[in-house]
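*Asks:* How does the following fold in three dimensions:
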Amino acid sequence: MAKYMDVRRTKIQFIRYAVDTGEKPFLCTGADNREYWCKNFDESTNGETVVNELVSYEVGRSIGAPVPSWAIIDPGDYAGANVYPEDGGKTRLTVVSRKPLFGSQCIQGVVASDDLKYLKRNSNPERIPRLMALWYLCNARDIQMLYQPERKDTIYSVDHGYWFSTQEGNRNITDSPEEPDGEPYEIPLLRGTLGASNWDNAIDSVRALNKQSLMYIPGFIPNEWGQDGIIEEMIDYILSRVEYTVNKLEQEKLKGG
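*Replies:* Numbering: from 1, shown residues only. The predicted structure follows:
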């Protein structure tokens, strides 16, 4: 995967529907004719979940983990609009925020799962170790994966809003991995082997992380989000977890590769 991407910013062209899950994401088509799952900037938490999404996606790209493309989505004339479920129900699920949204590009024809599977399919032996690295680097919560059958069940990671031990609008980037809140929980069990070289490549990608390699990320944050200094703190937290992450990957490799 490419390490960097141009900062894509587009505007809502029309809204499809929302889904009744944690953050009430909604599907829209952007002015770039791409479809995105959009998450609102929540003023009550200073946008913690959308910031978590953007930062974790970019860290994922930096280590080659399987994350979708993304864009900053301007609400335009849809700011303040009600969004309803797909079945046409009259119950409003969410309201479009007035600040820019985070949009994860929609991957067509996927199947959601909480399990690590299809270990030998397509590029999954390369993707899964890097995905696991991302979980440990970003202290993942509420882990969710997608598989794309038409691409031989290729795996993707989505929905990172509660990563960085974020619960009830309270991101925790102070606890070390030795503390209870400093470790990811409910890591999916890996039932099988992926090959020692794939673990080694993931470890190398994690070891290559440094301040210089990640300090482009603050430039992706919209000014409207008002995150002065916060992204730098998150980067420091991620880098503090490099050796811990490497150790976790080494342990997985020793289980049989």
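*Asks:* so where's this protein shaky on pLDDT?
*Replies:* 1-7, 168-169, 257 (pLDDT under 70).
*Asks:* which residue is nearest the centroid of it?
*Replies:* In the chain, the centroid-proximal residue (Cα atoms, centre = their mean) is H160; its distance is 4.0 Å.
*Asks:* now the strands: where do they sit in the stretch 151-257 of the chain?
*Replies:* For the stretch 151-257 of the chain, the strands defined by DSSP state E, counting those that start in this stretch cover 154-158.
*Asks:* which residues of this protein fall in helices?
*Replies:* Assigned helices in the chain, in chain order: 48-63, 124-137, 196-207, 211-214, 230-240, 242-254 (criterion: DSSP state H).
*Asks:* contact partners of the shortest one?
*Replies:* Residues from elsewhere that reach helix 211-214 (Cβ atoms under 8 Å, 6 or more residues apart in numbering): E58, V59, S62, I235, D236, I238, L239. Glycine gets a C-beta too; all of them are placed from N, C-alpha and C.
*Asks:* wait, isn't the second one in contact with Y237?
*Replies:* Looking back up the chat, that one is V59. No - look at V59 against Y237 with Cβ atoms under 8 Å: they stay out of range, at 10.7 Å.
*Asks:* the more surrounded of the two?
*Replies:* V59 (25 against 22; other Cβ atoms under 10 Å).
*Asks:* measure the more buried one to Q13 for me?
*Replies:* 29 Å (Cβ to Cβ, to the nearest Å).
*Asks:* Likewise for P68?
*Replies:* Distance from P68 to Q13, by Cβ to Cβ: 19 Å.
*Asks:* OK, contacts around Y237?
*Replies:* By Cβ under 8 Å, 6+ apart, the neighbours of Y237 are F164, I173, T174.
*Asks:* For PyMOL, write a command that selects the buried ones of these.
*Replies:* In PyMOL, a selection of the buried entries from those looks like this (16 or more other Cβ atoms under 10 Å):
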select buried, resi 164+173
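*Asks:* Contacts only, for D142.
*Replies:* Applying Cβ under 8 Å, 6+ apart, the residues contacting D142 are G22, D159, G161, Y162, W163.
*Asks:* oh, I was asking about Y84
*Replies:* Contacts for Y84 (Cβ under 8 Å, 6+ apart) come out as Y17, A18, K90, T91, R92, L93.
*Asks:* Pick the one among these closest to L190.
*Replies:* Nearest to L190 among these is A18, at 33.3 Å by Cβ to Cβ.
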